[in-house]
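Engineer: Just the structure for this:
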Amino acid sequence: MDNFKIAVIGAGAMGSATACGLVASGFAPENITVANPHENRLSSLAGMGVRTITDNIKAVAGADLIVIAVKPWILPDVVAEISTSLDYGKQEVAVIVVGVSCDDLRGMFLKADGLQGVLPSLSVVMPNTAMSLRESMTFIVEANGKAALADEVFSRLGKVMTIEEKLLPAATALASCGIAYAMRYVRAAVEGGVELGFRASDAQAIVVETIKGAASLLSLPGAHPESEIDKVTTPGGITIKGLNAMEQAGFSASVVAGLKAGRSDNNH
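Structural biologist: Next up, the predicted model:
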């Protein structure tokens, strides 16, 4: 990995989280190049030792993996700009863009290449912002060839699952939008804690540690949410009363409805 080079195009939330997570993982910052047209978005990354630049073509030169993390409407222009500078036989491209299909991605590269039918190794990658803490749940859809480098890199930033493209909208709802949904639960629980008498900061600390504990229990082999719930719900006890009150208020139904609404293929 010492000579492995990565170029990240885009210094927004996802591009910056990719670079920050890699540095936190021990990846040599000098082997990471981040390109962005606005220099002010690059200053914090430069302070970490990451190579920063405003020229996309210069950024991809010599990179083994190019990660494109830009807005959907910018992607075609970026592909058109860098495609003729890539070595399709040696460089792999991973795209972190919501709503782009594999057909879309292949079409962009074919158009940029004059419809010659030649494509680099391509993948659509969907992580979440916990990459910066190396705790992302990242999904990879292989659009052309194997995403070997993308898998290797994003495995340093959390868990990686290679999935079929048809599952990507659901994956986005569960893991990318899911970060926001989890935060909304925390906010609601903190508000409840304040109503119960805790200061907000103390309530947040309690809720965060409780969630961490719950997640750790579910990470054990064979663990299931219902079996863990059963361990703390005694007959006639306060836990089952609380759970039933939440269900009567539509807790589970609301979560499922939110996930369905948050599917990325609903972004019309």
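
Engineer: Residue ranges in the stretch 101-250 of the chain under the pLDDT threshold?
Structural biologist: Along the stretch 101-250 of the chain, the parts satisfying pLDDT under 70 run over 113-117.

Engineer: in it, which spans are helices?
Structural biologist: Along the stretch 101-250 of the chain, counting by DSSP state H, counting those that start in this stretch, helices occupy 102-112, 148-154, 168-171, 177-195, 200-218, 225-232, 238-248.

Engineer: In terms of secondary structure, what does the shortest one contact?
Structural biologist: In terms of contacts (3 or more C-beta pairs under 8 Å, 6 or more residues apart in numbering; DSSP states H and E), helix 168-171 is packed against strand 121-126, strand 136-144. C-beta coordinates here come from the backbone N, C-alpha and C atoms, glycine included.

Engineer: Same list, these, but as CSV with distance to residue 151 and mean neighbour count please.
Structural biologist: What follows is the helices and strands packed on helix 168-171, written out as CSV (distance: least, C-beta to C-beta, whole Å; neighbours: other C-beta atoms under 10 Å):
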stretch, distance to residue 151, mean neighbour count
strand 121-126, 9, 24
strand 136-144, 6, 22
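
Engineer: Quick one: these as CSV, columns for distance to residue 98 too.
Structural biologist: Output for the helices and strands packed on helix 168-171, formatted as CSV (distance: least, C-beta to C-beta, whole Å):
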stretch, distance to residue 98
strand 121-126, 8
strand 136-144, 12
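
Engineer: And the residue of the chain most remote from its centre, how far from residue 227?
Structural biologist: The C-alpha centroid of the chain is most remote from residue 236, which lies 41.3 Å away (C-alpha atoms, centre = their mean). Distance, residue 236 to residue 227, by C-beta to C-beta, to the nearest Å: 20 Å.

Engineer: Over to residue 94?
Structural biologist: Taking C-beta to C-beta, one finds residue 94 at 37 Å from residue 227.

Engineer: Check residue 239 too.
Structural biologist: Counting by C-beta to C-beta, the gap from residue 239 to residue 227 is 14 Å.

Engineer: which residues touch the residue lying closest to residue 120 once chain neighbours are set aside?
Structural biologist: In space, residue 120 comes closest to residue 88 once its chain neighbours are excluded; the distance is 4.1 Å by C-beta to C-beta, 6 or more residues apart in numbering. Counting by C-beta atoms under 8 Å, 6 or more residues apart in numbering, residue 88 makes contact with 118-120.

Engineer: Next: residue 66.
Structural biologist: Residue 66 makes contact with 6-9, 60, 82, 86, 91-94, according to C-beta under 8 Å, 6+ apart.

Engineer: pretty sure it is in a strand, no?
Structural biologist: Yes: assessed by DSSP: H, G, I helix; E, B strand; the rest coil, residue 66 belongs to a strand.

Engineer: Out of the contacts of residue 88, who's the most crowded?
Structural biologist: Counting neighbours by other C-beta atoms under 10 Å, residue 120 comes out on top of these with 19 neighbours.

Engineer: if we can go back for a sec, now the helices of the stretch 101-250 of the chain in a markdown table, with distance to residue 257 and mean neighbour count?
Structural biologist: Listed next are these as a markdown table, based on distance: least, C-beta to C-beta, whole Å; neighbours: other C-beta under 10 Å:
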| stretch | distance to residue 257 | mean neighbour count |
| --- | --- | --- |
| helix 102-112 | 28 | 16 |
| helix 148-154 | 30 | 21 |
| helix 168-171 | 14 | 20 |
| helix 177-195 | 11 | 14 |
| helix 200-218 | 22 | 13 |
| helix 225-232 | 19 | 11 |
| helix 238-248 | 14 | 12 |
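
Engineer: Make CSV from the ones you listed and add distance to residue 48 to it.
Structural biologist: Below are the helices of the stretch 101-250 of the chain laid out as CSV (distance: least, C-beta to C-beta, whole Å):
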stretch, distance to residue 48
helix 102-112, 30
helix 148-154, 17
helix 168-171, 29
helix 177-195, 23
helix 200-218, 26
helix 225-232, 38
helix 238-248, 42
